[in-house]
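Chemist: below is the sequence, then the predicted model.
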Amino acid sequence: MKLTQPPRRIALVTDFGDGPYTGQLRLLLAALAENVPIIPLLSDLVPFRPDLAGFFLPSLMQRMPSATLYLCVVDPGVGGSRNVLAARVGNDWLIGPDNGLLVPCLRGCDSVQVFRVQWRPPALSDSFHGRDLFAPLAAQIVQGDLPDSSPAQIPTLVGSDWPFALAKVCYVDVYGNLISGVRADEVATDRVLRIGHHQVCFARTFCEVPVGTAFWYRNAFGLLEIAVNQGRADRVLKLAAGDDLPL
Amino acid sequence: MKLTQPPRRIALVTDFGDGPYTGQLRLLLAALAENVPIIPLLSDLVPFRPDLAGFFLPSLMQRMPSATLYLCVVDPGVGGSRNVLAARVGNDWLIGPDNGLLVPCLRGCDSVQVFRVQWRPPALSDSFHGRDLFAPLAAQIVQGDLPDSSPAQIPTLVGSDWPFALAKVCYVDVYGNLISGVRADEVATDRVLRIGHHQVCFARTFCEVPVGTAFWYRNAFGLLEIAVNQGRADRVLKLAAGDDLPL
Amino acid sequence: MKLTQPPRRIALVTDFGDGPYTGQLRLLLAALAENVPIIPLLSDLVPFRPDLAGFFLPSLMQRMPSATLYLCVVDPGVGGSRNVLAARVGNDWLIGPDNGLLVPCLRGCDSVQVFRVQWRPPALSDSFHGRDLFAPLAAQIVQGDLPDSSPAQIPTLVGSDWPFALAKVCYVDVYGNLISGVRADEVATDRVLRIGHHQVCFARTFCEVPVGTAFWYRNAFGLLEIAVNQGRADRVLKLAAGDDLPL
């Protein structure tokens, strides 16, 4: 299928870390998609958890430039029989495995087209479809060509029965802040979260609470986040990625 | 203000880590400043400590290509009322918050122009000015335009009363080496540092001391650094970023 | 020496981590080799261990685009008298210290030319030859010029007497998988590895073993790797980089 307005840059969203998997993806794309910027947007998603990544992804894409292709891989089922998806969301594209990872993003948008990708590369390893399948697929899409694919309906995708918010720690950032899968605007600002013996109240910003105090706020992605002013919420509250939040 | 020789590349100097903050900054700049190289120079500065970062920054810029814009953010006061600075240093530019971060660099240079930036973007989150304010400011500067700003004098900046060297561990590198905020040339090479029960002597290079021995030397940035040949000085000497050094 | 087909991109393969060393290398190369993509392929090789890195390198280069220059630095002898090497392997180039790092790669190839590089930059620090020597050397090579060098024979290189496989953990990836320096095709699939009280059997892919079970398999680089389905093999088997494997 020929694309009239292909995306102009590729953002990598993976659990690959900073090691050789992200490295090989970038080096390969530098040759397959010459002159297209390749940007590692997020490489340290929680391994093996497409649900935690999926509820973070729509917020990550906010305020980002349009005409971006998001190459998304959190894929514990690699080497098995899961499908491969490509989706157009406005002027953006997303590609990834059919394991729920893309669903929270696709479900919330008006202008979406979803495809199951039948195309496979001539050589495909069992464990690194990021390099062998998703990278060449991305390169074809930014060059204006979606290879052999068939339209798909969102209700047929894995994860289409997931709830619309995830009251868990989806990501722990470098400061130890706890990013949830719940939009902050859906929680009243007089709500107090009880976590262990802590009572975590709302504040607009870090400056509004004493150093060392835990609070929740609307983070820069629009999500409810729990932080400690100049401290680490993960240590103070003894919470890690995947843990439930009282929301 | 129109700039006759705008910088040609953007270097990121932050405490944002490798996660979504650096990722969003790069993805946004890939669109706002197309064809301008965006290079993450340092993303793991000590969180919340503009002093430790500030005394490392001038050395980091040594031997680097001129016509570089350094986008600097270590900003515990984000969301509060601190000012925003832009400075021309020779052919380089620095932008960052007015919390001392830029002062050790600006103070040591002959050819400096400093500006307080009044310009603000239409949409500004409370916690991520790197993305919402500093990135679009950087994009405008590399395109030759400094938006609404007024000249500032160095003695009026936060941190202008700081000493000229910082006898602390400013950064612990990947090998566990301890980088100080003191220029090595200002310390006599017969100086012995007493740290716990260790006597740390000068050596020119790693090869000159036995494996496992702690020594201090002039590192590749010109700073006094404490290292252990093929070992980790942070563990051997039980020191971390922010700790005092006997200098 | 003038090169008829210089490499078109530079891949960085180092133990420099994500801090200022990789950052300075990239910022410098952005100016010295304008318009040439600079890709950090791998930055977290095991410090001080050119042997572990060397046996991983040939596999890392598989499936990667040709006409790539690999700038390789794991260099505990920096500041000493070790030689500097540049090698053409097919359409690729490798540069690095003469400490064994490049030997497993060079030894296995048909079409190899090796050079000892006599050229030195006007200013050379004692501890950061990546920035001061290898980066400007790489920039010259991608611009079609190999500076002052003389041909060398592989049997005269450090490491030329190393065995052809390394039965050790060469690299622990972000998931805790243990990557060895042994090609998987050289081990029979009925081979059982005894590690502590674990019996580690072959499986083709993660999906074929229960969650939590350790197994060995042919990884995406062609190497024997030990993994735990949705778990961390390094913790389950209590092994770290550099440890021996019963192969």
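Modeler: Sure, I can see it. Numbers count the residues shown, from 1 in each chain, chains lettered A, B, ... in the order given.
Chemist: from chain A, which residue is nearest to chain B?
Modeler: The minimum distance from chain A to chain B, using Cβ to the nearest Cβ, falls at residue A:174 (2.9 Å). Backbone N, C-alpha and C define where each C-beta goes, glycine included.
Chemist: not counting sequence-adjacent ones, nearest residue to the spatially most central residue of chain A?
Modeler: Chain A has residue A:57 as the residue nearest its centroid, 3.1 Å off, counting by Cα atoms, centre = their mean. Closest residue to residue A:57 apart from its sequence neighbours, by Cβ to Cβ, 6 or more residues apart in numbering or on different chains: residue A:105 at 5.0 Å.
Chemist: neighbours around the one you found, how many?
Modeler: The number of residues packed near residue A:105 is 24, by other Cβ atoms under 10 Å in any protein chain shown.
Chemist: helix or strand: which one has it?
Modeler: For residue A:105, the host element (DSSP states H and E) is helix A:103-107.
Chemist: swap in residue A:57?
Modeler: helix A:50-60.
Chemist: and for that helix, what are the contacting residues?
Modeler: A:13, A:15, A:41-42, A:45-46, A:70, A:72, A:74-76, A:97, A:99-105, A:108, A:159, A:162, A:165-166, A:168-171, A:179, A:181, A:183, A:221-223, A:241-242, B:20, B:23-24 (Cβ atoms under 8 Å, 6 or more residues apart in numbering or on different chains).
Chemist: got the contact list for the helix or strand containing residue A:40?
Modeler: Assigned by DSSP H and E, residue A:40 falls within strand A:38-42. Outside of strand A:38-42, the residues within contact range by Cβ under 8 Å, 6+ apart are A:9-14, A:22, A:25-26, A:29-30, A:60, A:70, B:19-20, B:23-24, B:26-27, B:30.
Chemist: what residues does chain A put near chain C?
Modeler: A:15-21, A:23-24, A:26-28, A:30-32, A:44, A:47-48, A:76-80, A:123, A:125-128, A:131-132 (Cβ under 8 Å from any Cβ of the partner chain).
Chemist: ok, and which of the residues you listed reach chain B?
Modeler: A:18, A:44.
Chemist: are any of the residues of chain A next to chain C buried, and which?
Modeler: Among these, those classed as buried by 16 or more other Cβ atoms under 10 Å in any protein chain shown are A:15-21, A:23-24, A:26-28, A:30-32, A:44, A:47-48, A:76-79, A:125-128, A:131-132.
Chemist: for residue A:72, what are phi and psi?
Modeler: Phi and psi for residue A:72, reported as degrees, to the nearest 10, are phi -110, psi 120.
Chemist: who does it bridge with?
Modeler: Legend: beta-bridge partners of residue A:72 under DSSP bridges are residue A:13.
Chemist: tell me the angle the helix ranked longest in chain A makes with strand C:38-42.
Modeler: Secondary structure assigned by DSSP state H gives helix A:20-32 as the longest helix of chain A. Angle of helix A:20-32 versus strand C:38-42, following axes from the mean of the first three to the mean of the last three Cα atoms, to 10 degrees, is 150 degrees.
Chemist: got the contact list for helix A:20-32?
Modeler: Contacts of helix A:20-32 (Cβ under 8 Å, 6+ apart): A:10, A:12, A:14, A:16, A:36, A:38, A:40, A:43, A:71, A:128, A:130-131, A:135-136, A:138-139, C:8-9, C:11, C:37, C:39-43, C:60, C:63-65, C:68, C:171, C:173-174, C:221.
Chemist: quick one: pLDDT of whatever residue of chain A ends up closest to chain C?
Modeler: Closest to chain C within chain A is residue A:17: 2.9 Å, counting by Cβ to the nearest Cβ. pLDDT for residue A:17: 95.
Chemist: next one: residue A:128
Modeler: 96.
Chemist: nearest residue to it other than its sequence neighbours?
Modeler: Nearest to residue A:128 is residue C:220, by Cβ to Cβ, 6+ apart, at 3.4 Å.
Chemist: the one you found in helix, strand or coil?
Modeler: State at residue C:220, reduced to three classes by DSSP: H, G, I helix; E, B strand; the rest coil: coil.
Chemist: so how far is residue A:20 from it?
Modeler: Using Cβ to Cβ, to the nearest Å, residue C:220 is found at 9 Å from residue A:20.
Chemist: residue A:232 too?
Modeler: Residue A:232 is 29 Å from residue A:20, by Cβ to Cβ.
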